[in-house]
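*Asks:* heads up, no residue letters with this:
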């Protein structure tokens, strides 16, 4: 099949340059060049329109976790959304929009088998990374499969103004739950309540989170969707109900620490029959497609609000990641590469 | 209905006298007298043959947990096995053996509805407290319902020579798993392997438990049945596999501490998708009868070994509890009151 567009010989890529010590800095990354790849039979060549910026990246940069191996010198990992520019797979033609693991590249060669084609009405393509993409699917799987949330329960979610947290709140409301967010600062809390429909949202930066929870959730907490770990998790565990469930999706408060903070309130698991489980969407791909289908339906019905923080230009990806890690984003942090 | 035996007017009871500070002492209890109760319609009067001595009692004595309220001045809580001596319930007659929550009393009035009658072939009656009773049912529920153990998996269990731990090991073997015990001292470990059929057993008193686990379980741990909490739990978490499950049944290492030890390795829950859940058999009574039926079958087939540590005389119950809390028992600790 002939390419319909003229492709450059070379492209920009961003390499993971060195492991951070504490909060990452821009010199942990290196802008570089690489050939635009040739595609083999069964592959498609995709031009990157958006890159997804996510908290798990910090964990991968530590070299631990199960995202890797990510080693200095590798192209930085990350999901992306883009458009097919050349195809040697029968199911794809130039112009089709797709979403997958791209890495930080302007062009990527992907196998067509199993590649997720995006519906034509999904605009902008960045939505496929957030509110009807991996972030929201993570929220859906955590609530439905890990926490097994029931109508009428009370859900607490941390990082409530982030991409996953804002999806947790909205899905929780759609499922008939009371939803209480935790976020850093009044503006994020206002966003969670006024724009996203959270029942209430607590500003952990105001201090005494446990006391705030006691007042905000007198009925106790049935489900905690944990994006941050650390002392927030301990504060929440002081207010859980019998048989509560904690879905641990992220521990962003711990990723920059040399020695993670131990959990004080481990005893509540036995005292109240509490279940606590870590999960990653990558280990539950069998459920992701079902999640995305339901999310797409809700989005088309106008039931999912979203906000994005868009960083302009491929070369801004490192700065976008640092911004997200320091809490500078509202909703999904993405990088617009083109389109 | 007329009593078939001559009953005394008064009986001995043991009161919970004061909350302990650290390891309990005998003056936390008080031997006292009380009338032998009259029974109402629908009740039976039971003479206590055996009292069950269990780790959860230490937790109840703290006044926390969900066993209470147990307050100074109350008759001490505890399960027992005994024989009906008078009945005003159609399903029971004098001579029937039963098992229930008795409290530390020589005679107890119990409602007949829902009372568990013991099969005539179950001798001695103390077995109904241990290897075919609450202890083994706790092991069964923890493995089957909480940890959802699968054939071929590797199970680690702490307090392996105790009543629950020795049942975990034997049930795990029956279910087709590899079972590794953790116990204090060579003699307990020998008992677990030679008498109970554990694949191996590690002596935590020998030090470097994490190093011992690394050698004993190179394939990694799929299920940890936790009876002790504390640093043992942290050591085990260094060796768990992806999607491992931790059933927290007890935290005996923590009950005497003013401030429980925090959990260091909380991060492994996210890193490996681990599930951790506290449970109490009292919250899962719907499954207990099914457990007891299967255990009784295994016991009749000669597939369940057991050992008991029997303390002679009602008045020895406090000493028996202190012995069990300091690890002096092998298998189920009981008190023989009569019979």
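*Replies:* Alright, I've got the coordinates. In this text, all values refer to a predicted model and were calculated from it rather than measured experimentally.
*Asks:* quick check: the gap between residue A:162 and chain B.
*Replies:* With distances taken as C-beta to the nearest C-beta, to the nearest Å, residue A:162 is found 16 Å from chain B. Yep, even glycine has a C-beta here, placed from its N, CA and C like the rest.
*Asks:* now do residue A:209
*Replies:* Using C-beta to the nearest C-beta, residue A:209 is found at 18 Å from chain B.
*Asks:* element containing the closest residue in space to that residue that isn't next to it in sequence?
*Replies:* Nearest non-adjacent residue to residue A:209, counting by C-beta to C-beta, 6 or more residues apart in numbering or on different chains: residue A:235, 4.4 Å away. Using DSSP states H and E, residue A:235 falls within helix A:230-237.
*Asks:* name the residues of that helix that are buried.
*Replies:* A:230, A:232-237 (16 or more other C-beta atoms under 10 Å in any protein chain shown).
*Asks:* toward the C-terminus from that helix, list the very next helix or strand.
*Replies:* strand A:240-248.
*Asks:* from the chain's centre, how far out does that following strand sit?
*Replies:* Its chain's C-alpha centre and that of strand A:240-248 lie 22 Å apart, by C-alpha atoms, centre = their mean, to the nearest Å.
*Asks:* can you tell me what sits against that strand?
*Replies:* Strand A:240-248 has contacts (C-beta atoms under 8 Å, 6 or more residues apart in numbering or on different chains) with A:142-143, A:146-149, A:219-226, A:229, A:233, A:236-237, A:268, A:272-279, B:66, B:269-270, B:283.
*Asks:* what residues are up against the residue nearest to residue A:209?
*Replies:* A:209-210, A:213.
*Asks:* so which of those are in helices?
*Replies:* A:209-210, A:213 (DSSP state H).
*Asks:* the residues you listed, buried ones only, as a PyMOL selection?
*Replies:* With 16+ other C-beta under 10 Å as the criterion, this PyMOL line picks the buried residues out of the ones in helices among the contacts of residue A:235:
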select buried, chain A and resi 209+213
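*Asks:* so can I have TSV of the ones in helices among the contacts of residue A:235 showing pLDDT?
*Replies:* Below are these laid out as TSV (pLDDT from 0 to 100):
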residue	pLDDT
A:209	98
A:210	98
A:213	98
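*Asks:* show me which of the ones in helices among the contacts of residue A:235 is closest to residue B:335.
*Replies:* residue A:210 (42.1 Å; C-beta to C-beta).
*Asks:* isn't that closest one up against residue A:238?
*Replies:* Yes: in this structure residue A:210 lies within contact range of residue A:238 using C-beta atoms under 8 Å: 5.2 Å.
*Asks:* so which elements touch the top strand by length along chain A?
*Replies:* Assignment by DSSP state E gives strand A:43-53 as the longest strand of chain A. If you count contacts as 3 or more C-beta pairs under 8 Å, 6 or more residues apart in numbering or on different chains; DSSP states H and E, strand A:43-53 packs onto strand A:79-87, strand A:97-101, strand A:107-111, helix A:317-325, strand A:332-336.
*Asks:* can you list the residues that contact the first one?
*Replies:* Pointing back at strand A:79-87 there. A:1, A:3-5, A:7, A:39, A:44-52, A:54, A:92-103, A:107-108, A:112, A:118, A:125-126, A:128-129, A:133-134, A:337, A:339.
*Asks:* at 6 Å what do you get?
*Replies:* Under the contact criterion C-beta atoms under 6 Å, 6 or more residues apart in numbering or on different chains, strand A:79-87 has outside partners A:3, A:5, A:44-52, A:92-94, A:96-97, A:99, A:101-102, A:125, A:128-129, A:134.
*Asks:* how about the residue nearest the centre of chain A, nearest residue that isn't a chain neighbour?
*Replies:* Nearest to the geometric centre of chain A sits residue A:135, at 3.9 Å (C-alpha atoms, centre = their mean). Sequence neighbours aside, residue A:163 is the residue nearest to residue A:135 in space, at 3.8 Å (criterion: C-beta to C-beta, 6+ apart).
*Asks:* the one you found against residue A:131, yeah?
*Replies:* No: using C-beta atoms under 6 Å, residue A:163 is not in contact with residue A:131; the gap is 7.9 Å.
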